[in-house]
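Colleague: Structure of the sequence below:
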Amino acid sequence: MFATFSRTIAVTALCLVTAGAGAAEPAKKAPVPDATIQFSGGSIGVGIGFTWGSGDVVFHGKTYKIKIDGLSAAEVGGTGLKAKGKVYNLKHIEDIEGTFLSGAAGGTLYGGGTSAVMKNEKGVEMKVETMTKGLSLKLAAEGVKVSLEK
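Modeller: You can find the predicted model right below:
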């Protein structure tokens, strides 16, 4: 009987310690974006490609117009693109300006989409989803320059 009582106490203590350990860990929250972005444009090239476009950034309830230019290496064909996403680490709207880099390789054939995470030199990060039309193959890191329209 003493052995059964001891086992019951041991199991109860183990359950309390295990439950307490789980409760002590704070739940991780998903990061909240500082802004949203959407843009559209086009891309064309053989070897070195060129990307252009325009769009909007919504930051603190206000919409800002942006212009996008960029070079990409090892591109074949031409595309029309639309993208939308979320912006993180944006403290001042001026920080959206800069060259965003992404090391991801991707490709499309007559439509499709990709996701990309790009970061500029100020630490602003964009997580975007793109939809493309046409034929495009991108095999190297690319930079996209974002500037506010004045």
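Colleague: Does Ile94 belong to a helix, a strand or coil?
Modeller: To be clear, residue 94 is Glu; Ile isn't right here. helix (DSSP: H, G, I helix; E, B strand; the rest coil).
Colleague: Use 180 as the first number for this chain going forward.
Modeller: In the new count, where the first residue is 180, that last one comes out as Glu273.
Colleague: how far away is it from Leu260?
Modeller: 25 Å (Cβ to Cβ, to the nearest Å). For every residue, glycine as well, the C-beta is placed using N, CA and C.
Colleague: Show me which of the two is the more surrounded one.
Modeller: The residue with more neighbours, out of Glu273 and Leu260, is Leu260; 22 against 11, by other Cβ atoms under 10 Å.
Colleague: what helix or strand is that one on?
Modeller: Using DSSP states H and E, Leu260 sits within strand 241-267.
Colleague: Repeat that for Glu308.
Modeller: strand 304-317.
Colleague: any idea how far Phe238 is from His271?
Modeller: 9 Å.
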